[in-house]
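Asker: Please work out how this folds:
(chains A and B)
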Amino acid sequence: MLTITSPSDIDHLFKHARRASVPLLGILTVPTAEGRAVTGRVLFVAGRKMGGAVLRNRCKRVLREACRRAEGPWPGADVALLARAGVATASPPEIDRAVKAVLSQVGLVPR
RNA sequence: GGAGUGGGCCAGACGGCCGCGCGACCGCGCCUCAAGCCGGCCGGUCGUGAGGAAAGUCGGGGCUCCACAGGGCAGGGUGCAGGCUAACGGCCUGGCGCGGCGACGCGACGGAAAGUGCCACAGAAAAGAAGACUCCCCCGAUACCGCCCGGGCCCCACGAGGGUCCGGUGCAGGUCGGGAGAAAAGCUGAAACGGUGCGGUAAGAGCGCACCAGCGCCACGGAGACGUGGCGGCUUGGCAAACCCCACCUGGAGCAAGGGCGAAUAGGAGCGGUCAAGGCCUGCCCGGCCGGCGCUCGGGUACGCCCGCGAGAGGCCGCCGGCAACGGCGGUCCCAGAUAGAUGGUCGUCCACGACAGAACCCCGCUUACCGGCCCACUCCAACC
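Answerer: Residues are numbered from 1 along each chain as shown, chains lettered A, B, ... in the order given. Next comes the predicted model:
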């Protein structure tokens, strides 16, 4: 699972992304830059507002696992999944439904 | 058994499947190369993978770079003694004070006769002060108030008793004046210029004495903090986490420190001399350095990767020294090293149903957060023998 690491790429993503969200999480996505591999990349974000380090790590793990189950990363796109309140305690089916919803909202998977 | 004190340890367990970081090995896999090695990617096997606080970043040290030319003043820190440690504001043992029946716990615990300052309210007074005040004792005065004595009148059985008025060289309680005293008492206050008792005296004070508290000196014990005893003159409130005094300590910044490798546009290094502005050395002064100037030399940063980066003040076991903190010796083990940041998901079984919480250079401490459980030693109470 290839992740986005460079600060400039992350900056680009936050400035130009297509956005969507449901109560549990948010998504941002841009098409992969010219000349890059077509495999696509992902990024998991849990902001400082979420809480302490333990809670934020937990949120990223839950999103990473959900991403794996949803067969990400998606070719041709850089995708960031933003954790929102409740992710840490939500059940796996709830997370899967939320991920599917935001992916279809930005057109990465068919409805 | 109940209540408690001190210390140590654990941090849900086991198994199946899928997945992640790091390391080692394998593939006759893919990329790179003329080919091989190396390297990268992919797949597989095995090993390994967060904490007691990883936290707050409060103290200390290692490490790294900068500054080193030292000194003075200022600033900051620490504050019973001895010891331990790389060091500390930490730890251990001891002393003193306070709390607890006790095991034990808590204490910034040097100096208030060097100086300055503060002590609300109440109170005469809050610190060295007038003996100012109330006061206490003595002497004198007696208009007035009071007391005493005598008498008149009234109530009345002109007795007792009561009321009222008059008189008196009467008394001196109030009052006034003078003198002596600084002891006792002064409701207050957190705190009041030693405390209790006896003697002494006109009344009285450490005025004299005994005991106690405090201070000073001496002797003895102890390494010391200090303790015990004796003697002395009789006495000097508290606050120094108020300024201050004394003793000791104290350069600055931090792993985004710092270094290496890799393209292109002008920045750097060395030497010399000088100082007007400017910058730096925590602040200031003296002083020094950089810089600007001249000459010479030839090569470096943004982004990526690598090193730093884990064998250490290391863990465990045993023996020895020490009351202990700790130290010494021997044996044994290798125990996270990520770089948007690895431990998760799911299913099953079991139990006391799982708290606080996630390494980011490392270590020693302190402090704070925390569901519960286990072990050891000790104290008090109860019961049994």
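Asker: only C-alpha atoms for contact and neighbour calcs from this point on.
Answerer: OK.
Asker: how about stretch A:45-56: buried residues?
Answerer: Residues of stretch A:45-56 classed as buried: A:45-46, A:50, A:56 (neighbour count, 16 or more other Cα atoms under 10 Å).
Asker: Return the member of those nearest to RNA strand B.
Answerer: residue A:45 (6.7 Å; Cα to the nearest atom of the strand).
Asker: So what sits opposite that closest one in the bridge?
Answerer: Listed beta-bridge partners, residue A:45: residue A:82 (assigned using DSSP bridges).
Asker: And the pLDDT at it?
Answerer: Residue A:45 carries a pLDDT value of 81.
Asker: For it, give me its contacts.
Answerer: A:60, A:80-83 (Cα atoms under 8 Å, 6 or more residues apart in numbering).
Asker: Which residue ranges of chain A form helices?
Answerer: A:7-16, A:53-69, A:92-105 (DSSP state H).
Asker: what number of residues lie near residue A:90?
Answerer: 12 (other Cα atoms under 10 Å).
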